[in-house]
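Engineer: below is the sequence, then the predicted model.
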Amino acid sequence: MIFTVYILYSAKTRTLYVGCTSDLDNRLNKHFRGEVFSTKNKRPLSLIHQELFKDKGKAFQRERFLKSLWGAREKKKILTNYLSVLGLNQSLCDWSPEHCDMSQCFRG
């Protein structure tokens, strides 16, 4: 069985959500339909990152790391890469684990 650690981004609340699942499609559908308590008020959501693991323990270890204070730096890099793909100016984005003022991120 393959386990996926994933990161969702909420443009509404400018926050990130980290999760782990063995059925990514089903889990994402639940997030997108508002059936997950932690994210139902944060929709719309975007899948910005995913990592695959064969070992369940390693997958959940990675999820715990990304949810930790130490993982915040790595999540910032992931978000910065995501924003750059969308054509947003990541150098102007003052993102922290708690807040991102997206109004200053747009180029132009």
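Structural biologist: Now that the structure is in, tell me what you want to look at.
Engineer: model confidence score at the closest residue in space to F60 that isn't next to it in sequence, please.
Structural biologist: Of all residues not flanking F60 in the chain, C20 sits nearest, at 5.7 Å (CB to CB, 6 or more residues apart in numbering). The C-beta positions use only the backbone N, C-alpha and C, and glycine is treated the same way. Note on C20: pLDDT of 98.
Engineer: beyond the helix or strand C20 falls within, next helix or strand please.
Structural biologist: Here C20 sits within strand 15-21, counting by DSSP states H and E. Reading on from strand 15-21 to the C-terminus, the next helix or strand found by DSSP H and E is helix 24-33.
Engineer: residues making contact with the strand holding C20?
Structural biologist: Residues outside strand 15-21 that contact it (CB atoms under 8 Å, 6 or more residues apart in numbering) are 3-10, 27, 31, 38-39, 42, 45, 48, 59-60, 62-63, 66-67, 71, 75, 79, 97-98.
Engineer: which strands border that strand, and is each parallel or antiparallel?
Structural biologist: strand 3-10 (antiparallel) (DSSP bridges).
Engineer: which residues does T39 contact?
Structural biologist: T39 neighbours (CB under 8 Å, 6+ apart): L8, S10, Y17, H31, L45.
Engineer: out of those residues, who has the most neighbours?
Structural biologist: L8 (25 neighbours; other CB atoms under 10 Å).
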